[in-house]
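Engineer: Got a predicted structure plus its sequence, pasted below:
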Amino acid sequence: MCFASHAPSNVERAANETLPPTRVTTSSSLTSCILAILLYPEVQKHAQAEIDAIVGQDQFPAFNDRDKLPYIGALIQELLRWAPVAPQGLLHRAMKEDVYEGYRIPKGATVIANIFSISRDEKMYLDPLEFRPERFLGSSPQLDPRKFIFGFGRRRCPGAHPLHDTIQAATERWDLIPGAFTIAKPLDARGEEITPPIEFENVGVFW
Ligand code: HEM
């Protein structure tokens, strides 16, 4: 079985390295967070303002501050949706013939859950290519990506279990980035900002 993770291609990384799942998903999501914050400076400002107001400037948010940081929570949801680290999940094989919404699935067929397509579905998400944490706030939030981003059924990502702290390390610590840094675009020789392209590639394959 192979699992390829999706990370921005313009962030430096170890080339052709075979990585374990935690490092692949964690490094991909962290580099995607840096890209999003770079491209959407107003998101960074909003996140920093929330952390400063609730936690202060002298310490990092703790895990149990999460309930008091709704914008940071929405930022994490939007990162999961905007840059899914496993855009096609893992391949599954039908153990027996089945019918799904009128489509026959023969025994032995390979089934791919197109997580990327769900994350870009205009019926679920207004302007899906835009990075907007606000879509998960307010009285009628859009679909929570945690419902599909970790896969489905009994083979759903075990890292997503609420009691598993690895996923917290992989996702919930993203608040450390706006909490500790201000990310800005580099300048060219004329002092003008360089905007990186939004490009993703596979960075790791395991088992
Ligand atoms: C943002 C973080 C992560 C995302 C979005 C993610 C997503 C996924 C997805 C979509 C699958 C396929 C599920 C399916 O077949 O339906 C999966 C499987 C898996 N993930 Fe994750 N994952 C993440 C982090 C992690 C971490 C941190 C670990 C390790 C602790 C991990 C371990 C695994 C394992 C072992 C499987 C295979 C499960 C099986 O086939 O029974 N994942 N993950």
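Structural biologist: Received, thanks. Here the structure is a predicted model, which is why all the values come from computation and not from measurement.
Engineer: partner residues bridging the nearest residue to residue 91 once chain neighbours are set aside?
Structural biologist: In space, and not counting its chain neighbours, residue 91 is closest to residue 110: 5.4 Å by CB to CB, 6 or more residues apart in numbering. In this view, the C-beta of every residue, glycine as well, is placed from N, C-alpha and C. Counting by DSSP bridges, residue 110 is bridged to residue 93.
Engineer: and the gap between residue 110 and residue 158?
Structural biologist: Noted for residue 110: a distance of 22 Å to residue 158, by CB to CB, to the nearest Å.
Engineer: rewinding a little: pretty sure the residue nearest to residue 91 is in contact with residue 90, am I right?
Structural biologist: No. Assessed by CB atoms under 8 Å, residue 110 is found out of contact with residue 90, at 10.7 Å.
Engineer: The residue positioned nearest the centre of the chain and residue 193, how far apart?
Structural biologist: Geometric centre of the chain, nearest residue: residue 80, 2.5 Å, by CA atoms, centre = their mean. Residue 80 sits 27 Å away from residue 193, taking CB to CB as the criterion.
Engineer: Now this protein against the ligand: closest residue?
Structural biologist: residue 151 (2.3 Å; CB to the nearest ligand atom).
Engineer: residues contacting that residue?
Structural biologist: Residue 151 makes contact with 86, 89, 90, 113, 115, 157, according to CB atoms under 8 Å, 6 or more residues apart in numbering.
Engineer: Burial check on the fifth one, number of neighbours?
Structural biologist: Read it as residue 115. Per other CB atoms under 10 Å, the neighbour tally for residue 115 reads 22.
Engineer: What does the pLDDT read for residue 196?
Structural biologist: Turning to residue 196, the model gives it a pLDDT of 89.
Engineer: roughly how far apart are it and residue 112?
Structural biologist: When residue 196 is compared with residue 112 (using CB to CB), they lie 29 Å apart.
Engineer: Of these two, which one has the most company?
Structural biologist: Shown here are residue 196 and residue 112; by other CB under 10 Å, residue 196 has more neighbours (15 against 10).
Engineer: can you count the residues close to residue 49?
Structural biologist: Using other CB under 10 Å, residue 49 has 12 neighbouring residues.
Engineer: circling back: between residue 110 and residue 158, who's got more neighbours?
Structural biologist: residue 158 (12 against 9).
Engineer: Need the contacts of residue 151 in TSV (columns: distance to residue 55, secondary structure and pLDDT).
Structural biologist: Output for those, formatted as TSV (distance: CB to CB, whole Å; DSSP: H, G, I helix; E, B strand; the rest coil; pLDDT from 0 to 100):
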residue	distance to residue 55	secondary structure	pLDDT
86	31	coil	90
89	35	coil	90
90	37	coil	89
113	37	coil	91
115	32	helix	95
157	29	coil	88
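Engineer: What about the ligand: which of those touch it?
Structural biologist: 86, 89, 90, 115, 157 (CB under 6 Å from any ligand atom).
Engineer: The first one against residue 29, yeah?
Structural biologist: What that stands for is residue 86. No. With contact defined as CB under 8 Å, residue 86 does not reach residue 29; the gap is 10.4 Å.
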